[in-house]
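Visitor: okay, structure incoming, though there's no sequence with it:
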């Protein structure tokens, strides 16, 4: 895909999100939602799981187990999976699609760095759908990344569709970031900044935003619903794992060394390195 001038090239970042894995109680219903609402398509299916994505690229794996406990929104885990549209026009077409389908939305915001809309899947897993603004719009006078939560001008956004209609999740789309619920932001910083090596691109009260390669954030962690939460119960529906794609394999070796120094046990295999954050989410890093 051709990257528009002054738009962030995610593939050039040292680390970016690959796919997200969710544990769900009703595999059929949740899968149908992501296909009809987000326009994702099946890439691989199994007896108890389905991988969804676009253009052959996996973005979301759903693992079904009806015996899981329902998601508890106060637990650490997923705040939202953020699906990044390649262009503002793609986002506008999606907004028109969900409006016509009367899909309930939970919010819409102008974040300076991006324009975003929010909703949830049938089991309460948060979703953001967004498009980035040009990188030149992100920074303040001192070069800092500026983020805010302002009202979104939906009418102006919709005009950028220029009369074209939604035809499914674009091939150039991706999971731009994953926003997590954590029990403590300082503890999250020690894992995501000090061990994984991500930069703290921005802070909000009760939240840290972690970026790689100058991006506003590939990961974030907040305590808004989950302050002081402990390790998430293993048999609860919700987030299971996040895949991070690492451009340089030597970075995985360095991350493994930092994890070992921090007393964090990791698993190395042909797929890369898997670590667990302090709340039990598996983070798999692969080249």
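Guide: Sure, I can see it. This structure is a prediction, so every number in the text was calculated from the model and none was measured.

Visitor: how about the contacts made by the spatially most central residue of the chain?
Guide: With the centre of the chain defined as its mean C-alpha position, the nearest residue by CA atoms, centre = their mean is residue 178, 2.5 Å away. By CB atoms under 8 Å, 6 or more residues apart in numbering, residue 178 lies in contact with 17, 20, 78, 80, 81, 82, 218, 219, 220, 242. For glycine as for every other residue, the C-beta is placed from the backbone atoms N, C-alpha and C.

Visitor: got it, and residue 221?
Guide: Residue 221 makes contact with 179, 180, 181, 182, 185, 188, 192, 207, 208, 210 under the criterion CB under 8 Å, 6+ apart.

Visitor: buried ones only from those, please, as a ChimeraX command.
Guide: In ChimeraX, this line selects whichever of the contacts of residue 221 come out buried by 16 or more other CB atoms under 10 Å:
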select :179,180,181,182,185,188,192,207,208,210
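
Visitor: narrow the contacts of residue 221 to those in helices?
Guide: Mapping the contacts of residue 221 onto helices (DSSP state H) picks out 185, 188.

Visitor: what's the farthest-apart pair in the contacts of residue 221?
Guide: When those are compared pair by pair using CB to CB, the two farthest from each other are 181 and 210, 14.4 Å apart.

Visitor: before we move on, the earlier item: out of the contacts of residue 221, name the ones that lie in strands.
Guide: Among the contacts of residue 221, DSSP state E puts 179, 180, 181, 207, 208, 210 in strands.

Visitor: I'd guessed the fifth one sits against residue 190; true?
Guide: No. With contact defined as CB atoms under 8 Å, residue 208 and residue 190 do not form a contacting pair (10.7 Å).

Visitor: show me what contacts residue 110?
Guide: Applying CB under 8 Å, 6+ apart, we find residue 110 in contact with 148, 149, 150, 151, 152, 153.
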